[in-house]
Structure formats: structure tokens, C-alpha cells
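>>> Below: sequence and its predicted model.
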Amino acid sequence: MKQKLKIIFYGANWCPDCRRSRAYLDQQKVEYEYINIEEVPGAAEEVEKINKGYRSIPTIIFPDGQVLVEPSNAQLQKALDANKNFIITHKGKKR
């Protein structure tokens, strides 16, 4: 059985693309680890390292190693499809 992994999502609350991408992942019921680059020490520097000096968000890392920067919903769906055997999904939010 393949290990299921979470998507890593670097973003900031003020970023409209981050809000859209998070809403899309939530709509698809995909689990991800959200890392706010303004609140988590070292997160902004990690984004710059991933993006060769640029602090571009959202930066989303998938279990297969694919990195999407400022993706469209179509690009997100393509990456989700490519990672469907590796990502964690849920049927509904638990309260």
C-alpha cells in the first residue's frame, strides 16, 4: 500500500490567489498543510529557496515533487489527478 501524503501549501492570508487555491483544494476535499509565510519562522525564506529568490505565493508542493506557483484551478486539478494515489482526501469536514 502506498503511503498517503499531504500537499504542502505556502501562502498568506492577504493573497487572493492563495484564497482561491485553498478554496479549490477544500472543494476537492483534499488535505494539505497550510504554511502562512508571514507567521511561520523561516517559511518565507523556504519559498524564496524553492522559487530561486522569488517570494511567489501560493507555492504548492505535491507528493510527487511537483511544485506549482500561482497555479490556475485547471493546473491544480491536473496536479491532483497526477497525485491521486498519494494524496489524502476526506469525504467531509469533521467538526
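Received, thanks.

>>> Residues contacting the longest helix anywhere in the chain, please?
Counting residues, the longest helix found in the chain (DSSP state H) is helix 16-27. By Cβ atoms under 8 Å, 6 or more residues apart in numbering, the residues outside helix 16-27 that reach it are 7, 9, 11-13, 32, 34, 57-58, 60, 70-71, 73, 76-77. For the C-beta atoms, the positions are set from N, CA and C on the backbone; glycine is no exception.

>>> Among these, name the buried ones.
Ile7, Phe9, Gly11, Ala12, Tyr32, Tyr34, Ile57, Pro58, Ile60, Pro71, Leu76 (16 or more other Cβ atoms under 10 Å).

>>> Widest-spaced pair of the residues you listed?
Greatest spatial distance in the buried ones among the contacts of helix 16-27: Ala12 and Leu76, 17.7 Å, computed using Cβ to Cβ.

>>> where in this protein is pLDDT low?
1-3, 91-95 (pLDDT under 70).

>>> And the helices in it?
Counting by DSSP H, the helices of the chain are 16-27, 43-50, 73-82.

>>> and those helices as CSV, adding distance to Ile88?
Below are the helices of the chain laid out as CSV (distance: least, Cβ to Cβ, whole Å):
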stretch, distance to Ile88
helix 16-27, 11
helix 43-50, 21
helix 73-82, 12
